[in-house]
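my questions are about this predicted structure, shown below with the sequence.
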Amino acid sequence: MTHSTRIRLTDPLATAPDLTGRHAIVTGGTSGLGLASTRLLALRGSTVLIGARDVERAEAVRVRLLEENRLPAERITVAALDLIDPESIHQFALGAADRPVDLLVLNAGISSVPLRHDHAGTESQFATNHLGHFALTGLLLPSLTQGTGARVVAVSSALYKGATLDLDDLASTHRYSPGRAYSRSKLANTIFAIELNRRLTASGSPIRSFAAHPGMARTPLHATYPSAATRILTGAIARAIGREPDPANIGVMTAALNSKADPHLFWGPAGSKTAPDALGEPFRPIATDLSTATALWNTSERLTGIRFLS
């Protein structure tokens, strides 16, 4: 199912439910958009489990959030999660399996880094941003099935529209561009979110899967580019037209919490820099082609060893 009509929601979180008794997981939940998600969800009553590579730093952020917002200690917890490490993903999922999961926000990611590879030789941005989240979602599916109106939200980027998936060279051995590799990983995130929703629906599951984006956001992600000139340029653009993480995150939280959010649309901010509406736009054909989605799913299962909804 595809939609050709935009939906614009003003003040989309005004009708968001009280989240007391709900449980959310946010990957990369201690900075930028992830921190914005963690804070908002915790303030609305949800317990939040943060998956973080640097547990010591994450614990410091957790303590600060609890103190600043006068939240009980159990409201936010932290566990180690390195999305490029299969064992870390398995251990995180195992630790999270003791309760139902109502919301999974696939937020963590790396951007435009020098060429590196995972243990199996896959380029690191694709391995981290897509494969890690694919595996985590598959492992957490039983917990999501036990959740109430569970949703999975993949944080993508509008850059997916100009990307090439190129599943035949996931090691990027022929050529490597940090920016193109990042865009490819965001295209994979988008295709995965759409295909996950299709497979969930076909299986009769009540879980829904969304893709969302922040537009141009002022986050630490812009400090990772290997080129100093690129870091300076993107930083200047972000300062000029970008939104701070909380307003930039409105599309992500709309997808997570608004009953009118349609999983067949790509959710992001629109309008005001400080209090934007949430805009759901139709996906481009590059993200909705079924044969491409099937190829990505099969490749992801092969590379991660995690099979679900197949």
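Done, it's in.

can you list the buried residues in stretch 43-60?
44, 46-53, 55, 58-59 (16 or more other Cβ atoms under 10 Å). Every C-beta, even on glycine, is put in place using the N, C-alpha and C of the backbone.

ah, wrong one, I meant stretch 62-81
Using 16+ other Cβ under 10 Å as the burial criterion, the residues of stretch 62-81 that qualify are 62, 65-66, 71, 75-79, 81.

same check on stretch 192-202?
Buried positions in stretch 192-202, judged by neighbour count with 16+ other Cβ under 10 Å: 192-200.

show me the strands in the stretch 201-310 of the chain, by range?
Counting by DSSP state E, counting those that start in this stretch, one finds strands in the stretch 201-310 of the chain at the ranges 208-212, 265-270, 277-282.

quick one: closest of those to Arg99.
strand 208-212 (19.8 Å; Cβ to Cβ).

kindly export the closest one (C-alpha atoms) in CSV.
Extracted as CSV, the C-alpha positions of strand 208-212 are listed here (Å, rounded to 0.1, in the frame of the first residue of the first chain):
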residue,chain,number,x,y,z
ARG,A,208,3.5,-1.0,13.1
SER,A,209,6.8,0.2,11.6
PHE,A,210,7.5,3.9,10.6
ALA,A,211,10.3,5.8,9.0
ALA,A,212,11.0,9.4,10.1
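
take the buried residues of stretch 192-202 and keep only those in helices.
Of the buried residues of stretch 192-202, the ones assigned to helices by DSSP state H are 192-200.

for Ala275, what are its contacts?
Pro247 (Cβ atoms under 8 Å, 6 or more residues apart in numbering).

these two touch, right, Val101 and Ser46?
No - judged on Cβ atoms under 8 Å, Val101 makes no contact with Ser46 at a distance of 10.7 Å.

give me the common contacts of these two.
Taking Cβ under 8 Å, 6+ apart as the contact rule, Val101 and Ser46 both touch 23-24.
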